[in-house]
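Undergrad: Build me a model from this:
(one chain, ligands or ions: 1)
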Amino acid sequence: MQKKKKELIFLGPPACGKGTQTNRLSEFLGLPHIDTGSLLRAEIAKESEEGKIAKSFIDKGQLVPVELVARIIKNKLASKECENGYVLDGFPRSLEQAEQLEEINKEIDAGKETSFKAIYFDIDQQILLERIIYRQSCPQCGEIYNKKFKPSKVENECDKCHVPLKTRADDNAETAKSRFDTYFRETAPLIDFYENKGVLTKLDAMGSIDEVWERLIKIVNG
Ligand code: AMP
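TA: Alright, predicted model coming up:
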């Protein structure tokens, strides 16, 4: 029997741990990790036209225009690497994007059996700001560190790739505040949207990385 295509999306405020867990999940399931934030930062690094537009919104902690993100996502989701499913992190981020995702899936999934789950990282907001301002990541493998809570073995160096770690330009207190405002205004309504469709599971995202991972795996396999 053919396996169902596994489509997983993730909701939760900035720095709720989605990036760390979805990176690991993608390796575990052998499915691609599609992360809109990283895709947009790659466009910025290339200094493409799309990157230039994206930068002006990212620097302010606002959502990048929907057409730009939807184009990038559609190309990715329709590609061969996603034929057995995907771990989608950072999209959708508004009701409009959620509707776009439904359209995209309808188009690319014709005749396929699919399993769609939205997983909501439920977390106490108090700890999130410190996670953001001390966050670092590896530009090569995407591993996420935190100077305070999860430091690399050698300061500012990836444990696996041994390349210098990067701090995201938008990981400062001021931009973080507006990213939270954007999240509560535009993205949080998706929790009800997916709950009403009966595809939402709430994940308790408090605790260590391994504790959250154990809970996540149960949901994904359940
Ligand atoms: P992230 O790496 O997921 O925290 O995203 C960083 C920034 O990229 C966000 O603050 C937005 O400006 C932009 N971004 C990421 N995903 C989206 C999306 N689905 N729609 C619009 N903007 C996005």
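Undergrad: Could you use CA atoms for every contact and neighbour count after this?
TA: Noted.
Undergrad: quick one, phi psi at residue 193?
TA: Here is the backbone geometry of residue 193 (degrees, to the nearest 10): phi -50, psi -50.
Undergrad: so what's it up against?
TA: residue 95 (CA atoms under 8 Å, 6 or more residues apart in numbering).
Undergrad: ok, now residue 21?
TA: Taking CA under 8 Å, 6+ apart as the test, what residue 21 contacts is 209, 213.
Undergrad: Assumed it was part of a helix.
TA: Yes. Counting by DSSP: H, G, I helix; E, B strand; the rest coil, residue 21 is found in a helix.
Undergrad: Next, count neighbours for residue 49.
TA: 10 (other CA atoms under 10 Å).
Undergrad: and it, how far is that from the ligand?
TA: Note on residue 49: its distance to the ligand, by CA to the nearest ligand atom, to the nearest Å, is 15 Å.
Undergrad: Residue 31 too?
TA: 19 Å.
Undergrad: Can you verify my assumption that that residue contacts residue 84?
TA: Yes. With contact defined as CA atoms under 8 Å, residue 31 reaches residue 84; the gap is 7.2 Å.
Undergrad: neighbour-wise, which of the two wins?
TA: residue 31 (20 against 16).
Undergrad: Now do the contacts for the closest residue to that one other than its chain neighbours.
TA: Counting by CA to CA, 6 or more residues apart in numbering, residue 31 lies nearest to residue 86, which is 5.4 Å off, once chain neighbours are set aside. Neighbour list for residue 86: 6-8, 26, 31-34, 77 [criterion: CA under 8 Å, 6+ apart].
Undergrad: which two from these end up farthest apart in space?
TA: Spatial extent of the contacts of residue 86 (CA to CA) is set by the pair 26 and 77 at 14.5 Å.
Undergrad: Backbone torsions only: list them for the closest residue to residue 52 other than its chain neighbours.
TA: For residue 52, ignoring the flanking residues on the chain, the nearest one in space by CA to CA, 6+ apart is residue 44 at 6.1 Å. Per-residue torsions, residue 44: phi -60, psi -40 (degrees, to the nearest 10).
Undergrad: give me every residue that touches residue 44.
TA: Residue 44 touches 50-52, 54-55, counting by CA under 8 Å, 6+ apart.
Undergrad: Extract the C-alpha trace of stretch 128-143 and format it as CSV.
TA: Taking C-alpha atoms only, stretch 128-143 is exported to CSV below (Å, rounded to 0.1, in the frame of the first residue of the first chain):
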residue,chain,number,x,y,z
LEU,A,128,10.9,34.1,24.5
LEU,A,129,12.7,37.5,24.4
GLU,A,130,15.9,36.1,26.0
ARG,A,131,15.8,33.2,23.6
ILE,A,132,15.8,35.7,20.7
ILE,A,133,18.4,38.1,21.8
TYR,A,134,21.0,35.4,22.7
ARG,A,135,20.2,33.2,19.6
GLN,A,136,22.9,32.2,17.1
SER,A,137,22.8,29.7,14.2
CYS,A,138,25.1,27.9,11.9
PRO,A,139,24.9,29.3,8.3
GLN,A,140,25.9,25.8,7.0
CYS,A,141,23.7,23.2,8.8
GLY,A,142,21.1,25.5,10.4
GLU,A,143,21.7,24.2,13.9
